[in-house]
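**Student:** one predicted model, sequence on top.
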Amino acid sequence: MSEVAGDFDDEDGSGTIKKFMFVNRKAPYGTVYALEGLEVVLITAAFDQDVSMVFMDDGVYQLVKGQNTKAIAMKNFSPTYRALDGYDIEKLYVERDSLEMRGLSESDLLVPVEVLSSAEMQVLMNDQDVVIAF
Amino acid sequence: MLHIVNKSPFENTTLASCLRVVGKGGDNALLLIEDGVYAITKNSDAGKAVHAVMGGVKVYALMPDVEARGMQDRVLEGVTMVDYAGFVDLVIEHNNVQSWL
């Protein structure tokens, strides 16, 4: 099947659906990667694709509860993660080792996630059609 | 001397290098800002490294950066929080400043 953009929404409504994984590895405010990645995830979901989000390394900091950016005059985009299920993005995965070395646990996170071992993450990653890293 | 670190200790060796050479005692101080504030998280690998130097080095963190990242309830005991005015005071109080880039 050709993969031009039109195939995402063809006349009979049966557009090609691929498995997209977004791998988030950066802390939220020190660089713009986290915010830009989130924008791309929302765009992908708008094309009715099968989206998974992975948070590992410093990416786990994106999901920490209680962020308040008032004093640094930047947008607090952390509430957006709670809105993701409204866009049918419900597959959020966090690597356990990344949490533990940062002194964090699942209860420190602002959305429900599935915590995976590195071995489980490897299997999940290998099952994707497209992997995009931020 | 005041040392300023702004990089996450988990994806950059900046903090480790700073801790290796930071002077002990006297007016030596470490100020963590931006993603550097993750270094003072309780029960984290980096937190243990910072804790190990706290006997000889005063450790400060920029509160606006800590709060932005939601880490305010997870900070090591013994770290002093400063605001932007406190940041300026630290720079003035120390005879020398190194910003680790």
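**Tutor:** It's in. None of the values given here were measured: they were computed from a predicted structure.

**Student:** is chain B within reach of stretch A:112-122?
**Tutor:** No. Under the criterion of CB under 8 Å from any CB of the partner chain, chain B is not reached by stretch A:112-122; the shortest gap measures 15.5 Å. Placement of C-beta: from N, CA and C, glycine included.

**Student:** which parts of the helix or strand containing residue B:88 are buried?
**Tutor:** For residue B:88, the host element (DSSP states H and E) is helix B:84-93. The neighbour-count check on helix B:84-93 (16 or more other CB atoms under 10 Å in any protein chain shown) flags B:87, B:90 as buried.

**Student:** any idea which helix or strand comes after it?
**Tutor:** strand B:97-100.

**Student:** which other helices and strands does that next one contact?
**Tutor:** strand B:2-5, helix B:14-21 (3 or more CB pairs under 8 Å, 6 or more residues apart in numbering or on different chains; DSSP states H and E).

**Student:** make a markdown table out of those and add distance to chain A.
**Tutor:** Formatted as a markdown table, the helices and strands packed on strand B:97-100 follow (distance: least, CB to the nearest CB, whole Å):
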| stretch | distance to chain A |
| --- | --- |
| strand B:2-5 | 12 |
| helix B:14-21 | 12 |
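
**Student:** which ones are touching residue 49?
**Tutor:** Using chain A. Shown in contact with residue A:49 (CB atoms under 8 Å, 6 or more residues apart in numbering or on different chains): A:8, A:17-20.

**Student:** I was thinking of chain B, sorry if that wasn't clear
**Tutor:** Taking CB under 8 Å, 6+ apart as the test, what residue B:49 contacts is B:9, B:15-16, B:19, B:39.
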